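Visitor: Please work out how this folds:
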Amino acid sequence: MTDPDPFREVRELVRRGDRAALATALPSPAGGAAWPYASLVLVAVDHDLSPILLLSDLAEHSKAIATDPRVSLLFDGTAGLAQPLTGPRVTVLGRAAKTDDERLKRRFLRHHPDAGMYAGFGDFNLYKVTLERTHLVGGFGKIRWIEPAELLAVPALPELAGSEDGIVAHMNADHADAVQLYAAKLLGLGGAGWTMTGIDREGLDLRLGGMTARLAFDAPLAAAAEARPALVALVQRARAAPP
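Guide: Numbers count the residues shown, from 1 in each chain. Here you go, the predicted model:
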């Protein structure tokens, strides 16, 4: 039987990552060909799967982007595997551009609250990476390029993106017990004080200190109005789970 959406796992891998290896084309001091330059960056992902970065103008990768906006980001899903090369990793290719979109900034800072300490500094800017191609290595022999139309078979819901701030704030303020149940009962995670950092049509994101987690819905939401019933259904499933 053919999987109706073979790339959902790819999207989930990208969405649950909170960091990535960023590759840029660093100009040569001698004026020759640019050098490939890799660095570690914090990342959040928007509803349409576009990576969001918060970068300092003083960083070498920012200088490189100012010259050539083409970038790639490696999302590594091999942590904890005895043989890492058997695990999945996804490289996203796109073009990075500065943005003043406050919604994107709020989404990034929910995923990386400590970044609030420097997000307002004059030399820091928010970037959105527009996807152009994606390369999947799912393990030995499982390698292919994925075009944006294939990867985004489930497009973003603009109305959900617009209401996300309120949904997340409401869950954390009024239903913290439900968020804790998501982490403990549905994901088997320890620790108390988990918070929700985001919700999109395919799932929700959680954080506790330096730990992050992703809880996928059984099926993508068809409309923003389905978010509340989906969250309630997850609570009911968590309460019915064995201790």
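Visitor: going forward, measure contacts and count neighbours with C-alpha atoms only.
Guide: Will do.
Visitor: If you count contacts, what does the helix or strand bottoming out on mean pLDDT in the chain end up packed against?
Guide: Least confident helix or strand of the chain, by mean pLDDT, DSSP states H and E, is helix 148-151 with a mean of 91. Packing contacts for helix 148-151, counted by 3 or more CA pairs under 8 Å, 6 or more residues apart in numbering; DSSP states H and E, involve helix 8-16, strand 124-137.
Visitor: Which residue ranges of this protein form helices?
Guide: For the chain, the helices defined by DSSP state H occupy 8-16, 60-67, 102-111, 148-151, 158-174, 176-181, 227-240.
Visitor: quick one: H135 and P148 touch, right?
Guide: No. Between H135 and P148 there is no contact under CA atoms under 8 Å: 10.7 Å.
Visitor: about what we covered before: between the helices and strands packed on helix 148-151, which gets nearest to R89?
Guide: Between R89 and the helices and strands packed on helix 148-151, the tightest spacing by CA to CA is seen for strand 124-137, at 5.4 Å.
Visitor: Please spell out which residues along that closest one are buried.
Guide: 124-131, 133-137 (16 or more other CA atoms under 10 Å).
Visitor: To what extent is the residue lying closest to V71 once chain neighbours are set aside buried, counted in neighbours?
Guide: In this structure, V71 finds its nearest non-sequential neighbour in T24, 5.1 Å apart by CA to CA, 6 or more residues apart in numbering. T24: 25 surrounding residues under other CA atoms under 10 Å.
Visitor: returning to that earlier point: make CSV out of the buried residues of strand 124-137 and add pLDDT.
Guide: Formatted as CSV, the buried residues of strand 124-137 follow (pLDDT from 0 to 100):
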residue, pLDDT
F124, 98
N125, 98
L126, 98
Y127, 98
K128, 98
V129, 98
T130, 97
L131, 95
R133, 95
T134, 96
H135, 96
L136, 95
V137, 94
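Visitor: What are the neighbouring residues in contact with P88?
Guide: By CA atoms under 8 Å, 6 or more residues apart in numbering, the residues touching P88 are D76, G77, T78, L136, V137, G138, G139.
Visitor: Need the pLDDT of it.
Guide: Each residue has a pLDDT score; the one for P88 is 93.
Visitor: any idea of the mean pLDDT for stretch 18-35?
Guide: Mean predicted lDDT for stretch 18-35 stands at 91.
Visitor: Equivalent analysis for stretch 64-76, please.
Guide: 97.
Visitor: Can you give me the first-to-last residue distance of that stretch?
Guide: 23 Å (CA to CA, to the nearest Å).
Visitor: which parts of it are buried?
Guide: Neighbour counts over stretch 64-76 (16+ other CA under 10 Å) mark A64, I65, D68, P69, R70, V71, S72, L73, L74, F75, D76 as buried.
Visitor: what's the farthest-apart pair in those residues?
Guide: Longest span within the buried residues of stretch 64-76, CA to CA: D68 and D76, 24.3 Å.
Visitor: For this structure, identify the residue most remote from the centre.
Guide: A30 (36.6 Å; CA atoms, centre = their mean).
Visitor: Pop the domain breakdown of this structure in here.
Guide: For the chain, automatic domain parsing gives the domain ranges 8-151, 158-240.
Visitor: can you list the weak-confidence ranges in the chain?
Guide: 1-4 (pLDDT under 70).
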